[in-house]
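Student: Predicted structure and sequence below. I'll ask about it afterward.
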Amino acid sequence: EPEVTQTPSHQVTQMGQEVILRCVPISNHLYFYWYRQILGQKVEFLVSFYNNEISEKSEIFDDQFSVERPDGSNFTLKIRSTKLEDSAMYFCASSDTTDGPERYEQFFGPGTRLTVL
Amino acid sequence: AQKITQTQPGMFVQEKEAVTLDCTYDTSDPSYGLFWYKQPSSGEMIFLIYQGSYDQQNATEGRYSLNFQKARKSANLVISASQLGDSAMYFCAMREDNAGNMLTFGGGTRLMVKP
């Protein structure tokens, strides 16, 4: 069964450093998302991406964040200058655009745990 | 106001019994969808079930069913015949048509199944 993959599974970085989190969405999907979950808290939406541009973003997704689809398979989240409060699990998700309720189902990757020291 | 409220931070259920996890939502959008995800201790998010606001019947997927009460704005998840592997965090989420495809999650309920 197709699945969303994410690398690395765990990233440790120093405050102020740039990190890039990578995701490979399901191959025929066209909508891509990033969410984050601070330890013990709810999952929060960051950004959605469709047709090579951002379609929605939350207040969390400020100028320190950017997303990119550098090729036909990868979808990346970059944090330019990490802060301690960026420590969280980051989930990538994807969905397709077929008709019917299935088009709303978002398939989540296993997540990347980011630790900022 | 919270868009998704899960009032039960933690619940216990005896193995083989049914359990209901509560979820209430708040939206003025007439077209929306409600989701339940399971998050085991390993951390991944597993889709369980979806209910559209215009669906006439309650959604069911195997041992999972969604008790959708539109007038009360509730979308409770019912798990029948609980198994030890059902022990996990469960999140209710909503997608509103006017907000695109983003999901808004509740705070989650930790379900613990007792042998």
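Tutor: That came through, no problem.
Student: Now do the contacts for the closest residue to residue B:98 other than its chain neighbours.
Tutor: Excluding its sequence neighbours, the residue lying closest to residue B:98 (Cβ to Cβ, 6 or more residues apart in numbering or on different chains) is residue B:29, at 4.8 Å. Bear in mind the C-beta positions are built from the backbone N, C-alpha and C, glycine included. For residue B:29, the contacting residues are B:96-99, by Cβ atoms under 8 Å, 6 or more residues apart in numbering or on different chains.
Student: Look at residue B:29 and give its secondary structure.
Tutor: coil (DSSP: H, G, I helix; E, B strand; the rest coil).
Student: swap in the one 4 residues further on?
Tutor: Going by three-state DSSP, the secondary structure assigned to residue B:33 is strand.
Student: any idea which element the closest residue to it other than its chain neighbours lies in?
Tutor: Nearest residue to residue B:33, sequence neighbours excluded (Cβ to Cβ, 6+ apart): residue B:95, at 4.6 Å. Assigned by DSSP states H and E, residue B:95 falls within strand B:88-96.
Student: from the middle of its chain, how far away would that strand be?
Tutor: Distance of strand B:88-96 from the chain centroid (Cα atoms, centre = their mean, to the nearest Å) equals 5 Å.
Student: touching chain A at all, whatever helix or strand comes next after that strand?
Tutor: Using DSSP H and E, the helix or strand that follows strand B:88-96 in sequence is strand B:104-105. Yes: using Cβ under 8 Å from any Cβ of the partner chain, strand B:104-105 reaches chain A at B:104-105.
Student: Over to the spatially most central residue of chain A: give its phi and psi.
Tutor: Centre of chain A computed as the mean C-alpha position; nearest residue by Cα atoms, centre = their mean is residue A:34, 2.8 Å away. Dihedral pair for residue A:34: phi -120, psi 140, per degrees, to the nearest 10.
Student: Contact partners for the residue of chain B found nearest chain A?
Tutor: Going by Cβ to the nearest Cβ, chain A is nearest to residue B:45 of chain B, at 3.8 Å. When contacts are counted by Cβ under 8 Å, 6+ apart, residue B:45 touches A:43, A:91, A:93, A:108, A:111, B:37-39, B:91.
Student: Can you tell me which of the residues you listed end up in strands?
Tutor: Judged by DSSP state E, the contacts of residue B:45 include A:43, A:91, A:93, A:108, B:37-39, B:91 as members of strands.
Student: would JSON lines of the residues you listed with distance to residue B:9 and pLDDT be doable?
Tutor: JSON lines is the format used below for the ones in strands among the contacts of residue B:45 (distance: Cβ to Cβ, whole Å; pLDDT from 0 to 100):
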{"residue": "A:43", "distance to residue B:9": "16", "pLDDT": "94"}
{"residue": "A:91", "distance to residue B:9": "21", "pLDDT": "97"}
{"residue": "A:93", "distance to residue B:9": "25", "pLDDT": "95"}
{"residue": "A:108", "distance to residue B:9": "22", "pLDDT": "93"}
{"residue": "B:37", "distance to residue B:9": "17", "pLDDT": "95"}
{"residue": "B:38", "distance to residue B:9": "16", "pLDDT": "96"}
{"residue": "B:39", "distance to residue B:9": "14", "pLDDT": "94"}
{"residue": "B:91", "distance to residue B:9": "12", "pLDDT": "96"}
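Student: Can you lay out those residues as JSON lines showing neighbour count and distance to residue A:3?
Tutor: Supplementary listing: these in JSON lines, determined by neighbours: other Cβ atoms under 10 Å in any protein chain shown; distance: Cβ to Cβ, whole Å:
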{"residue": "A:43", "neighbour count": "26", "distance to residue A:3": "18"}
{"residue": "A:91", "neighbour count": "27", "distance to residue A:3": "13"}
{"residue": "A:93", "neighbour count": "27", "distance to residue A:3": "11"}
{"residue": "A:108", "neighbour count": "22", "distance to residue A:3": "9"}
{"residue": "B:37", "neighbour count": "22", "distance to residue A:3": "15"}
{"residue": "B:38", "neighbour count": "21", "distance to residue A:3": "15"}
{"residue": "B:39", "neighbour count": "21", "distance to residue A:3": "16"}
{"residue": "B:91", "neighbour count": "26", "distance to residue A:3": "19"}
